[in-house]
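A.B. asks: only geometry, no sequence info:
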């Protein structure tokens, strides 16, 4: 099966009786739900994830994966979950794992796939104990499984006894198959489990053609996750590698809430929107004109019809369309029964109840059919979709008054430095007003997050520790600007190690070379940390190249929300040293019908005016050297970004 793709099915369809009726997958272990731990280990090994669940479907859907309830009713156990997964899966092979096994082997799929061969099923085994809920199965056994379930069968071993099966030894990872069934076991897991094991590279990554880094990660494993990346060098980290490292360590928020459709603009959808009605609800006219039967039109020459009545938008024609008749219709009017074509009023001649239709009309013209826009039962929006005005209108057209959305991401930020003064206070000797918090506040507002402005924090270990602890207990993300990001003072690194795990990087870019990324923990809560440089332009550049996309990902957004790059000629020559990515501030304008870009002037990282006068970044790639006038350069527009 070396050329085949694999779907992963997480079995979370039980009733959670031994957990007090609460789904085991949603129980919290080490600051994460158990299913998040399973996803973190499972997702790098497969090409898609399907969650089999029968309760709390919206909460499971919020993780951004397909949720498939049992097809066989009555909570028929893991076989019913496998059946649902086989039906929902896209790929020819399916591997299963239960939601209550947060330590599953990181090479589970590789070893099962290596042993499957031409058999129908590969089952994990430790010692004399088979683990049939950890199994790789060919999708074409679905019919056989469905027949077994229909006959009343429920036992896994009895079902696969009639299949061609291979058992795969996992004695070296026996504890990976342990599961958590009760609250006592959950507490024991909290006290003694190792939850800091990162996903490690999969032996079949080349087969799947994707990164081995999971979209979820377990807390306190950041250094281990990024250190296994190709080209990782904290002292000279490429921009693309820094972005990859950050994304690999992030875990999207899972909290959801119900809001009025009118209030959902800019929010991230947490449920699938499936129309309960057709839109439009009826076949209707797309133009003002006359509705008729196309079969009654002459092949050549004019056709004269009798006007039988009128249909208005919201007031349909009440009569019957007879032979040789037509109905006057307005845009949006329900099509009269029997009519299949609308001829616009501008081309006909109407007099004394007689309508002359010219030749050349086509059957079905100017008709909008029921369900043409939205069709009953066909999903139109999926979890993770950002709700723009068009989506708000679409949801309203279905008569939906409230929608489930992800809760807003909470972001705390502050500036650091004894030299900073807040607006409204007099400047002391050597002080400057803090502008970074204002640019950060503006950029965060555009992303629709909840904002906690914590002001200016002095260069004092106790003050900085207190600020970070407060931020970690109140926010999902902490953003700092100033010395904390560079790690120049020994106490900063020591304190960061005390509070969590933070990596200090030197990014191969200009402006914005120093940066920190990690996680801060306090009072059982944690938050991701982005430590940005102190220079005003560097703050804006690093925010938009690293933090923006990370925040959107954490907020639960799916799809491609990166800012596209345009290629345009550069008006003047630019000096550039290969070996770093540069973000110069430019003005994109139309000159004689052709788009061109030029520098704003002085490009120092402290010259905030260069950002104010610009409408784009001129992005000079890592390996690029000097640019001559007229050469094409990449441009990243500010509009909608800054």
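C.D. replies: Everything's here; your move. This is a predicted model, so every value here is computed, not measured.

A.B. asks: wait, doesn't residue 8 sit right on residue 41?
C.D. replies: No. Counting by CB atoms under 8 Å, residue 8 does not reach residue 41; the two are 10.3 Å apart. For the C-beta atoms, the positions are set from N, CA and C on the backbone; glycine is no exception.

A.B. asks: Over to the most centrally placed residue in the chain: give its phi and psi.
C.D. replies: The C-alpha lying nearest the average C-alpha coordinate of the chain belongs to residue 558 (CA atoms, centre = their mean; 2.0 Å). Phi and psi for residue 558, reported as degrees, to the nearest 10, are phi -120, psi 170.

A.B. asks: show me the contacts for the residue nearest to it when sequence neighbours are not counted.
C.D. replies: Nearest non-adjacent residue to residue 558, counting by CB to CB, 6 or more residues apart in numbering: residue 384, 3.1 Å away. Neighbour list for residue 384: 64, 268-269, 556-559 [criterion: CB atoms under 8 Å, 6 or more residues apart in numbering].

A.B. asks: got any ranges where the chain has weak pLDDT?
C.D. replies: 1-3, 17-22, 31, 183-184, 187-221, 224, 228, 484-493, 605-606, 640-642 (pLDDT under 70).

A.B. asks: and the longest helix along it, which residues are buried?
C.D. replies: What stands out as the longest helix in the chain, according to DSSP state H, is helix 461-474. Residues 464-465, 467-474 are the ones in helix 461-474 that count as buried (16 or more other CB atoms under 10 Å).

A.B. asks: Now do it: which elements does it pack against?
C.D. replies: strand 410-416, strand 450-457, strand 477-481, helix 490-499, strand 514-522, strand 525-532 (3 or more CB pairs under 8 Å, 6 or more residues apart in numbering; DSSP states H and E).

A.B. asks: packing partners for the last one?
C.D. replies: What that stands for is strand 525-532. Partner elements for strand 525-532 (3+ CB pairs under 8 Å, 6+ apart): helix 461-474, strand 477-481, strand 500-506, strand 514-522, helix 536-542, helix 548-554.

A.B. asks: For residue 632, which of these is the nearest?
C.D. replies: If you check each of those against residue 632 by CB to CB, helix 536-542 wins as the nearest, at 21.6 Å.

A.B. asks: Pull the contacting residues for residue 275.
C.D. replies: 374-378, 380, 398.

A.B. asks: that older thread, other residues contacting the longest helix of the chain?
C.D. replies: 410, 412, 414, 416, 452, 454, 457-458, 478, 484, 491-492, 495, 498-500, 520-523, 525-527, 529.

A.B. asks: gap between residue 250 and residue 104?
C.D. replies: Going from residue 250 to residue 104 by CB to CB, to the nearest Å gives 21 Å.

A.B. asks: out of these two, which sits in the busier spot?
C.D. replies: Ranked by neighbour count (other CB atoms under 10 Å), residue 250 and residue 104 place residue 104 first, with 24 against 17.

A.B. asks: Surely that one and residue 131 touch.
C.D. replies: No. Using CB under 8 Å, residue 104 is not in contact with residue 131; the gap is 9.8 Å.

A.B. asks: Need the overlap of contacts for the two.
C.D. replies: Going by CB under 8 Å, 6+ apart, residues that sit against residue 104 and also against residue 131 are residue 177.

A.B. asks: For residue 590, the count of nearby residues, please.
C.D. replies: For residue 590, using other CB under 10 Å, the count is 8.

A.B. asks: quick one, phi/psi of the residue nearest to residue 46 when sequence neighbours are not counted?
C.D. replies: Excluding the flanking residues, the one nearest residue 46 by CB to CB, 6+ apart is residue 8, at 3.5 Å. Backbone torsions of residue 8, given as degrees, to the nearest 10, read phi -110, psi 130.
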